[in-house]
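>>> Provide a 3D model corresponding to the input given below.
(chains A, B, C and D)
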Protein chains: 2
Amino acid sequence: MLKETPTPECLDFTKACPSRLLFDQIGDKWSMMVLTVLDSGPMRFNAIKRRLEGVTQKALTQCLRRLERNGLVQRRVIPVSPVAVEYSITPLGRSLQIPFKALYDWMLVHLDEVESARNEFDHRLQG
Amino acid sequence: MLKETPTPECLDFTKACPSRLLFDQIGDKWSMMVLTVLDSGPMRFNAIKRRLEGVTQKALTQCLRRLERNGLVQRRVIPVSPVAVEYSITPLGRSLQIPFKALYDWMLVHLDEVESARNEFDHRLQG
DNA sequence: CCGTATCCGATCCGATACTG
DNA sequence: CAGTATCGGATCGGATACGG
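Residues are numbered from 1 along each chain as shown, chains lettered A, B, ... in the order given. So this is what the prediction gives:
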């Protein structure tokens, strides 16, 4: 399975860039909000669902599975009837909140700039 | 256009969460790598394309347009023949690199943990 | 309550062809 | 060189129905 060797100035961002391995998993619509919700404490499935207005059961299930698979969330089945399932954030997931909050804060600070850039761009297309 | 009022404990993350307005725009496959590449200096279209192995012309064009629209990248047409187009990172785009690098560094530090969590999860499904 | 299974339309994405 | 236009397959995402 020989691979072509990229030239030195042609870094293979596709496969080598570690950020891909993260962004692919948590850059989706709900992951970060789920982690934020769980950061306040363990919560059951439908409780999370109620906090994320607009999420469907399917989407939330897939999201929680992926977070669990990546070690960011823990799933615990409580054997009562009907069954209860409690989700909680792991230490790994909690540590991710730090860099994510930096991104979140950047957005709060620069949202106005971004929006005016969008308006200007969209206006140039019309004018 | 009256909206239903969410209960206090039911925050409307869908529409109110500012992180969505950012993640939707730069959480895609190539945006962050484009910004990283441009962080080293202005570059022409095909030069960027060569640095990002695997990107198609269509994907790169769309990505650069979106970054330009959000004020993170500037596009400059140089009127020679055949036409040359130079892309450069804006101060706004450069400032985004700071929180992004925090996320990138988190990944470098915790990649092993994430991967072993994945292996364990995938193995539980089989076993 | 907490899912899984299925269907189906919308959307993405790459490949290809063409243009100034 | 730097795009635009178009097409078809793959994938996403919601709605619905059903099961432990």
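
>>> near DNA strand D, anything from the longest helix seen in chain A?
The residue-count maximum for a helix in chain A (DSSP state H) belongs to helix A:91-126. No - looking at helix A:91-126 against DNA strand D by C-beta under 7 Å from any atom of the strand, there are no contacts, and the closest approach is 10.2 Å. From N, CA and C alone the C-beta is placed, and that goes for glycine too.

>>> stretch A:118-127 and chain B, are they touching?
Yes - interface with chain B: stretch A:118-127 contributes A:Arg118, A:Phe121, A:Asp122 (C-beta under 8 Å from any C-beta of the partner chain).

>>> now do the buried residues in that stretch.
Buried positions in stretch A:118-127, judged by neighbour count with 16 or more other C-beta atoms under 10 Å in any protein chain shown: A:Arg118.

>>> close to DNA strand C, is stretch A:27-39?
No - applying C-beta under 7 Å from any atom of the strand, one finds stretch A:27-39 separated from DNA strand C by no less than 10.7 Å.

>>> contact partners of that stretch?
A:25-26, A:43, A:48, A:51-52, A:55, A:59-60, A:63-64, A:66-67, A:72-73, A:87-89, A:93-94, A:96-97, A:100, B:13, B:17, B:19-20, B:23, B:27-28 (C-beta atoms under 8 Å, 6 or more residues apart in numbering or on different chains).

>>> same check on stretch A:66-78?
A:25-26, A:31, A:34-35, A:38, A:42, A:64, A:83-90, A:92-93, A:96, B:113-114, B:116-118, B:121-122.

>>> now the longest helix of chain A, how far from the chain's geometric center?
14 Å (C-alpha atoms, centre = their mean, to the nearest Å).

>>> stretch A:18-38 too?
Per C-alpha atoms, centre = their mean, the centroid offset for stretch A:18-38 relative to its chain is 2 Å.

>>> now the end-to-end length of that stretch.
End-to-end span of stretch A:18-38 (C-alpha to C-alpha, to the nearest Å): 25 Å.

>>> tell me the mean pLDDT over that stretch?
For stretch A:18-38, the mean pLDDT works out to 87.

>>> report the buried members of the contacts of stretch A:27-39.
Buried, going by 16+ other C-beta under 10 Å: A:25-26, A:43, A:48, A:51-52, A:55, A:60, A:63-64, A:66-67, A:72-73, A:87, A:89, A:93, A:96-97, A:100, B:13, B:17, B:19-20, B:23, B:27-28, out of these.

>>> around DNA strand D, pick out the residues from chain A.
A:Asp28, A:Lys29, A:Gly54, A:Val55, A:Thr56, A:Gln57, A:Lys58, A:Ala59, A:Pro82, A:Val83.

>>> check what pLDDT the fourth one gets.
Reading off the per-residue confidence, A:Val55 sits at a pLDDT of 90.

>>> A:Leu96 reaches B:Trp106, doesn't it?
Yes - with contact defined as C-beta atoms under 8 Å, A:Leu96 reaches B:Trp106; the gap is 6.2 Å.

>>> ok, A:Tyr104 touching B:Pro18?
Yes - if you go by C-beta under 8 Å, A:Tyr104 and B:Pro18 touch, sitting 7.2 Å apart.

>>> when these two are compared, which one has more neighbours?
Higher neighbour count among A:Tyr104 and B:Pro18: A:Tyr104, with 19 against 14, using other C-beta atoms under 10 Å in any protein chain shown.

>>> compute the first-to-last residue distance for stretch A:17-34.
Counting by C-alpha to C-alpha: the opening and closing residues of stretch A:17-34 are 25 Å apart.

>>> next structured bit after the helix or strand bottoming out on mean pLDDT in chain A?
One helix or strand of chain A scores below all others by mean pLDDT, DSSP states H and E: helix A:13-16, with a mean of 54. For helix A:13-16, the succeeding helix or strand toward the C-terminus, using DSSP states H and E, is helix A:18-26.
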